[in-house]
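Trainee: Sequence and computational prediction follow.
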Amino acid sequence: MTPEERSLLERTCSLAAENNEILRAIRRSNRISTAMRVGYWVVIIALSFGAYYLIQPYLSLLTGISSGNVMNAQDAANQLRDLLK
């Protein structure tokens, strides 16, 4: 093997090693990005269900009032006060 071929082979080997490091970094950042995106949507969905859970008594009270149940306005106001306590 001539010195020129040897230097070319060493240069190719170092370029391949550098390329491998870059590809591993890209793959790692892609995995982290995917995990963050999944975590983001889990938090959004969990907060939505939590907000509905907190607001649900007020919504059921309002739908009960608007549907014309036997409850009058004074009873609705009393229930609303009880919920706020």
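Mentor: Sure, I can see it.

Trainee: all helices of this structure, in order?
Mentor: Assigned by DSSP state H, the helices in the chain fall at 3-66, 73-84.

Trainee: low-scoring stretches of the protein, by residue?
Mentor: For the chain, the stretches flagged by pLDDT under 70 are 64-74, 76.

Trainee: Need the residue closest to the centroid of it.
Mentor: The residue lying closest to the centre of the chain (CA atoms, centre = their mean) is Tyr40, at 1.6 Å.

Trainee: Can you report phi and psi for Thr2?
Mentor: Per-residue torsions, Thr2: phi -80, psi 160 (degrees, to the nearest 10).

Trainee: give me the number of residues near it?
Mentor: Using other CB atoms under 10 Å, Thr2 has 7 other residues around it. (Glycine included, C-beta is placed from N, CA and C.)

Trainee: thinking again about what came up before, where's the residue nearest to the centre of the chain relative to Ser33, distance?
Mentor: 10 Å (CB to CB, to the nearest Å).
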